[in-house]
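Novice: could you work out the structure for the sequence below:
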Amino acid sequence: MSDLRDLYQDVIFDHYKKPRNFHAMTHANHVAHGHNRLCGDELTIYLHIDGDVITEVSFEGTGCAISTASASLMTDALKNRTVEEAEHLFEHFHDLLTHDNAEPAPDLGKLEVLAGVREFPARVKCATLAWHTFQAALKDSAGSITTEQLPIRDSTMDLDNASAGQEATIDEEALRNDIIATLRTIYDPEISVNIYDLGLIYLLDIDPEGAVQIEMTLTAPACPVAGTFPSVVEEHVAEVPGVKSVHVELVWEPPWSIDSMTDEVKLELGLL
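Specialist: The predicted structure follows:
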């Protein structure tokens, strides 16, 4: 494992287990709430801004390891910066996570280690949720900010204005999130972890009519429930409102490995 990968895991683990600035702020003059339905992350960002300087910043909420660690690192990085400096820092951080060849900007500091998240595009929303919520707090945006408003690989989205194209696909996105939430209630027969976070789901495809196609694997081909487990998944997913039909196919390539697990599961199992 490379030194950079070791550092990435160490920083994520440290800030997940002992998040900095993790508390409500009664004297905050800017507040916003963020929600990532895909991963279940929810957090509130509190700011106290004096003139143009962010004198205090804190957060509270629940989330995956990446979301919590990113919020913790962000609060440390933003303190005592001007609003303009903070917005530039967000741009540099977002570019680092969403552009494969982006070089870390000098002002990123410890935030640079989160570049490893770009290897997993679906987790970019987890890593940037706190930052988008911070921007909403600056604008005093009413209501909650959700990651459904944000494309995974696009840094140009305005939180206050969703495009017509996004509105047209919001139902499909919501259905996907509901299916994933259901998959997280189904546990692997051999390891006490849900099949989604364990990394057993290789494909989740939804057509415009609500037909769902899932490709999944199991931790070992010799699993005694291999013949029946797909039907168990089908039964659960079929109960999700909006699903018209569902087919689950069991595949063995590529073979499952512990690298398929989410980082928070690895942390819980003591593998990081």
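Novice: break down the stretch 151-272 of the chain into its helices, ranges please.
Specialist: Along the stretch 151-272 of the chain, counting by DSSP state H, counting those that start in this stretch, helices occupy 164-183, 229-238, 263-268.
Novice: show me the strands in the stretch 151-272 of the chain, by range?
Specialist: 201-206, 211-216, 245-250 (DSSP state E, counting those that start in this stretch).
Novice: hang on, the earlier thing: which of the helices of the stretch 151-272 of the chain sits most buried?
Specialist: helix 263-268 (a mean of 20; mean count of other Cβ atoms under 10 Å). (Glycine included, C-beta is placed from N, CA and C.)
Novice: what's the model's confidence in that helix, averaged?
Specialist: Averaged across helix 263-268, pLDDT comes to 78.
Novice: returning to what we had before: would TSV of the strands of the stretch 151-272 of the chain with distance to S67 be doable?
Specialist: Below are these laid out as TSV (distance: least, Cβ to Cβ, whole Å):
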stretch	distance to S67
strand 201-206	20
strand 211-216	25
strand 245-250	29
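Novice: deepest-packed of these, please.
Specialist: Buried most deeply of the strands of the stretch 151-272 of the chain, by mean count of other Cβ under 10 Å, is strand 211-216, with a mean of 18.
Novice: now do that strand: everything it contacts.
Specialist: By Cβ atoms under 8 Å, 6 or more residues apart in numbering, the surrounding residues in contact with strand 211-216 are 179, 195, 200-207, 230, 233, 237, 243-251.
Novice: adjacent strands (with direction) for that strand?
Specialist: Here strand 211-216 has these sheet partners by DSSP bridges: strand 201-206 (antiparallel), strand 245-250 (parallel).
Novice: just checking the distance from the first one to the centre of its chain.
Specialist: Centroid separation between strand 201-206 and its chain, computed with Cα atoms, centre = their mean, to the nearest Å, is 17 Å.
Novice: of the helices of the stretch 151-272 of the chain, which approaches F59 most closely?
Specialist: helix 263-268 (17.4 Å; Cβ to Cβ).
Novice: list the contacts of that closest one.
Specialist: Looking at what lies outside helix 263-268 - Cβ under 8 Å, 6+ apart - the contacts are 9, 12-13, 16-17, 64-66, 193, 197-198, 258, 272.
Novice: please compute how far that helix lies from its chain's middle.
Specialist: 14 Å.
Novice: quick one: low-confidence parts of this protein?
Specialist: 1-8, 38-39, 102, 104-106, 122, 141-171, 270, 272 (pLDDT under 70).
Novice: domain assignment for it?
Specialist: 2-146, 172-269 (the TED database).
Novice: what about T262, how many residues nearby?
Specialist: Look at T262: counted by other Cβ atoms under 10 Å, it has 22 neighbours.
Novice: repeat for T219
Specialist: 20.
Novice: just the buried residues out of the contacts of helix 263-268, in PyMOL syntax.
Specialist: Here is the PyMOL command that picks out the buried ones among the contacts of helix 263-268, judged by 16 or more other Cβ atoms under 10 Å:
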select buried, resi 9+12+13+16+64+65+66+193+197+198+272
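Novice: for the contacts of helix 263-268, work out which two are farthest apart.
Specialist: K17 and L198 (21.3 Å).
Novice: does D52 touch T82 like I think?
Specialist: Yes. With contact defined as Cβ atoms under 8 Å, D52 reaches T82; the gap is 5.0 Å.
Novice: hmm, who's touching stretch 67-75?
Specialist: Contact partners of stretch 67-75, identified using Cβ under 8 Å, 6+ apart, comprise 11-12, 14-16, 19-22, 36, 39, 41, 43, 45, 57-59, 61-63, 110-111, 114, 126-131, 134.
Novice: go ahead and flag the most central residue of this protein.
Specialist: Residue closest to the average C-alpha location in the chain (Cα atoms, centre = their mean): C126, at 2.4 Å.
Novice: if I pick I45, what's in contact with it?
Specialist: 31-34, 57-59, 71, 130, 133-134, 136-137.
Novice: looking at those residues, which one is closest to C223?
Specialist: Nearest to C223 among the contacts of I45 is A71, at 37.3 Å by Cβ to Cβ.
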